[in-house]
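Q: Below are the sequence and a predicted model for it; my questions follow.
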Amino acid sequence: MPQRALSLACATLLLIPLPLALAAQDSAAPGAEAPPLSVIDWLGAQRPPAAPEAEPGEEPAVATSALPPQVTVRPLGESAPRLTGLVPGDVTGLPEDLWAGSEAEVLRSLITEMPDLTLPAAQSLLYTLLLAEAAPPRGDPAAGESLALARVSDLMRRGAIDPALALVEQVGVTRSPDHFDLWMELSLLAGTEDRACAILRAAPHLTRDYGFRIFCAAREQAWEDAALTFGSAQALGLLPDWKLDLIDRFLNPDLFEEAEPMRVPRGIDPLSFRMFEAIGEPLPSGSLPRPFANADLRDLAGWKAQLEAAERLARAGALPDNRLLGLYTEREPAASGGVWDRVAALRDFDTALASGSAEAVTKTLPRVWEAMQEAELEMTFVGLFAEPLAELELSGRAGTVAETVGLLSTQYESAASGRPSEDLIGGLARGEVTGRAPEDPLPAAIHAAFTEAPPRADLVSAVQEQRLGETILRLVEMLQEGTEGDLPALRDALATLRAIGLEDVARRAALQLMLLER
């Protein structure tokens, strides 16, 4: 399936000087293939192959201009700042200097304090920012590393474990105990801790956490080392009492065969989660923070647990759409109700769509859409099925659903072609909002953002000062505030997104606010 990324429109509203990577990208024309929007989906797909080398005998490239080439000048011995990120600028549309003018501490604070996001467009924009290739703030490598750790921690908090693992490995897992400990926690959640343990056993100084040392020694059957380290931690009080009790059961299971199950402590961490699993007392991830849902994606978990974990991560935009589809279609539903009804509805629809029968799709589409709405997984459905649905002629309730799916997709302009110019949703899709402002507060705020509301002057100035990444973080937070009822913040966020070149994000956010039933 085609992949999508942010399409960043020219900032014609104020004619402010934008970075080249922003200003050069206009909204795609109807029918043109859009770049991938979700970097989570892009990372889950195979990267495009490298450009082939010239065949022997091909004529070498010749100059097409007599102008001298551009030359970058730098003092001797000074290297270019290292780029940190997984997704290149030609996919994200973001420039490499998006952090350049910001203070690292300000960026870390904005990332750390970012709330949970419920608007899919805001989720996607944040992931794009966190994973974008970029130079460190003010060209300071130390500031870049601390910012990279904050980016990894936030990805982990939101449940995007695989991208977080790849990013911390790019930064370097042996650079400091903080780097290694974060990598170890991510590895424990992903079930790939063997690599981390192998490195730790060769270099114990990489962590200050005695729990990691004991766990890895036991994993490699170095029982004497594990017992000695445990005894030291116990004697010196280096770990909380509950964790010492848990490690004792982990190392000496025979001594606790008749013991009562351990009480689950507050503030469970990935190592303790895996140790509870190892002693035969696995913890349900549904009552734990979102990152722990990744542990239920392993084959060790039952199918229902995998489905519920995948849905939870998909709602947060932290799981590739195809991963959820693969789980839904893995086998026949085992029962009815809840997640099983969604599995049955999606399987029936998928079969109808594969048949190419508009009549079969007409019967199954409304049911599966209602199931996706109940689980707040509409955007996952849109990402999977908007393109094939657009090729069918549907009517009635199915036709209405198909139009909604199209308006929520990257092809929103063509999906709105039949709507009148004064219709707000049609105007949002075309970027040409006209007519009188609606009376309802939410549509009125959106209408104002696309007609008369000016952008936030301080945020526009920040972009001009090479603080684009910082500005986007502030705008993402304002979008979330808007979804929670702060309509002036929503209006200002949408107007400013348009002014700084993020027209596509503004339109998709507005359409989602109008069309998604939350």
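A: That came in fine, so what should we check first?

Q: ranges for the helices of the stretch 1-150 of the chain?
A: Using DSSP state H, counting those that start in this stretch, the helices of the stretch 1-150 of the chain run over 20-23, 39-44, 89-92, 104-112, 120-131, 141-157.

Q: what's the closest of these to Leu490?
A: Closest of these to Leu490 is helix 120-131, at 10.7 Å (criterion: C-beta to C-beta). For the C-beta atoms, the positions are set from N, CA and C on the backbone; glycine is no exception.

Q: Now do the contacts for the residue nearest to Gly396 when sequence neighbours are not counted.
A: Nearest residue to Gly396, sequence neighbours excluded (C-beta to C-beta, 6 or more residues apart in numbering): Thr362, at 6.8 Å. Counting by C-beta atoms under 8 Å, 6 or more residues apart in numbering, Thr362 makes contact with Leu394, Ser395, Gly396, Ala398.

Q: Surely the first one and Ala360 touch.
A: No. Leu394 sits out of contact with Ala360 when judged by C-beta atoms under 8 Å, with a separation of 10.9 Å.

Q: returning to what we had before: now restrict the contacts of Thr362 to buried residues only.
A: Leu394, Ala398 (16 or more other C-beta atoms under 10 Å).

Q: Can you tell me the closest non-neighbouring residue to Ala122?
A: Nearest to Ala122 is Leu479, by C-beta to C-beta, 6+ apart, at 4.3 Å.

Q: Tell me how many other residues crowd Phe230.
A: Phe230 has 23 neighbours, counted by other C-beta atoms under 10 Å.

Q: ok, back up a step: ok, the contacts of Thr362 vs Ala371, which is closest?
A: Nearest to Ala371, judged by C-beta to C-beta, of these is Ala398 at 14.4 Å.

Q: give me every residue that touches that closest one.
A: Residues in contact with Ala398 (C-beta under 8 Å, 6+ apart) are Val361, Thr362, Lys363, Leu365, Pro366.

Q: Emit the ChimeraX select command for whichever of the residues you listed are buried.
A: Buried members of these, defined by 16+ other C-beta under 10 Å, are picked up in ChimeraX with:
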select :361,362,365,366
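
Q: Can you list which of the contacts of Ala398 are found in helices?
A: Under the assignment DSSP state H, the contacts of Ala398 contribute Val361, Thr362, Lys363, Leu365, Pro366 to helices.

Q: Buried ones in the helix or strand containing Arg508, by neighbour count?
A: Arg508 is part of helix 503-515 when elements are defined by DSSP states H and E. Neighbour-count burial for helix 503-515, counted by 16+ other C-beta under 10 Å, picks out Glu503, Asp504, Val505, Ala506, Arg507, Arg508, Ala509, Ala510, Leu511, Gln512, Leu513, Leu515.

Q: ok, the closest residue to Gly383 other than its chain neighbours - how many residues close by?
A: The spatial neighbour of Gly383 that comes closest, neighbours along the chain excluded (C-beta to C-beta, 6+ apart), is Asp321 at 4.3 Å. By other C-beta under 10 Å, 22 other residues sit near Asp321.

Q: now Asp321: how far from Leu130?
A: Distance, Asp321 to Leu130, using C-beta to C-beta, to the nearest Å: 19 Å.

Q: One more: Asp97?
A: Distance from Asp97 to Leu130, by C-beta to C-beta: 17 Å.

Q: Compare these two and say which one has the larger neighbour count.
A: The neighbour comparison of Asp97 against Leu130 (other C-beta under 10 Å) goes to Leu130, with 26 against 18.

Q: per-residue pLDDT, the more buried one?
A: What the model reports for Leu130 is a pLDDT of 98.

Q: got it, and Arg138?
A: Predicted confidence (pLDDT) at Arg138: the value is 86.

Q: Which pLDDT does the model give the closest residue to it other than its chain neighbours?
A: Closest residue to Arg138 apart from its sequence neighbours, by C-beta to C-beta, 6+ apart: Ala100 at 6.7 Å. On pLDDT, Ala100 comes in at 95.

Q: quick one, phi psi at Ala100?
A: Phi and psi for Ala100, reported as degrees, to the nearest 10, are phi -50, psi -50.

Q: quick one: contacts for the spatially closest residue to Asp296 that is not a sequence neighbour?
A: Distances taken as C-beta to C-beta, 6+ apart place Ala309 nearest to Asp296, at 3.7 Å, with adjacent residues excluded. When contacts are counted by C-beta under 8 Å, 6+ apart, Ala309 touches Ser285, Ala293, Asn294, Ala295, Asp296, Leu297, Ala301.

Q: What of Ala217?
A: Counting by C-beta under 8 Å, 6+ apart, Ala217 has contacts Arg201, Trp223, Asp225, Ala226, Thr229.

Q: what's the spacing between it and Val173?
A: 19 Å.

Q: Which pLDDT value belongs to the residue most central in space within the chain?
A: Geometric centre of the chain, nearest residue: Tyr127, 4.0 Å, by C-alpha atoms, centre = their mean. On the pLDDT scale, Tyr127 is placed at 98.

Q: Test my guess that it contacts Ala160.
A: Yes. In this structure Tyr127 lies within contact range of Ala160 using C-beta under 8 Å: 6.8 Å.

Q: what residues do those two have in common as contacts?
A: With C-beta under 8 Å, 6+ apart, Tyr127 and Ala160 have common neighbours Ile40, Ala318.

Q: Contacts for the strand or helix carrying Ala444 next, please.
A: Assessed by DSSP H and E, Ala444 sits inside helix 441-449. Helix 441-449 is contacted from outside by 424, 428, 433, 437-438, 482, 487-488, 490-495, 498, 506, 510, 513-514, using C-beta under 8 Å, 6+ apart.

Q: Cross those residues against helices and list the overlap.
A: Going by DSSP H, the helices hold 424, 428, 482, 487-488, 490-495, 498, 506, 510, 513-514 from the contacts of helix 441-449.

Q: and Arg98, how many neighbours does it have?
A: Residue 98: Leu, not Arg. Close neighbours of Leu98, defined as other C-beta under 10 Å, add up to 28.

Q: Kindly list the main-chain dihedrals of it?
A: Taking degrees, to the nearest 10, you get phi -70, psi -20 for the backbone angles of Leu98.

Q: what's near enough to touch it?
A: With contacts defined as C-beta under 8 Å, 6+ apart, Leu98 is in contact with Pro19, Leu129, Ala132, Ala134, Gln466, Leu468, Gly469, Ile472.

Q: how much space is there between it and Met478?
A: According to C-beta to C-beta, Leu98 stands 18 Å off from Met478.

Q: And Ser109, by the same measure?
A: 16 Å.

Q: Ok, Asp341 next?
A: Separation of Asp341 from Met478 (C-beta to C-beta): 37 Å.

Q: residue ranges with poor pLDDT in the stretch 51-200 of the chain?
A: For the stretch 51-200 of the chain, the stretches with pLDDT under 70 are 51-80.

Q: one more time with 50
A: Applying pLDDT under 50 to the stretch 51-200 of the chain picks out residues 51-65, 70-74, 76-78.

Q: give me the number of residues near Glu185?
A: A count of nearby residues for Glu185, using other C-beta under 10 Å, gives 24.

Q: Reformat the buried residues of helix 503-515 into a markdown table and put pLDDT next to each item.
A: Converted to a markdown table, the buried residues of helix 503-515 look like this (pLDDT from 0 to 100):
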| residue | pLDDT |
| --- | --- |
| Glu503 | 97 |
| Asp504 | 97 |
| Val505 | 98 |
| Ala506 | 98 |
| Arg507 | 98 |
| Arg508 | 98 |
| Ala509 | 98 |
| Ala510 | 98 |
| Leu511 | 98 |
| Gln512 | 98 |
| Leu513 | 98 |
| Leu515 | 97 |
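
Q: and which of those is nearest Asp245?
A: Gln512 (47.4 Å).

Q: List the contacts of the closest one.
A: Counting by C-beta under 8 Å, 6+ apart, Gln512 makes contact with Leu119, Pro120, Ala121, Met379, Leu408.
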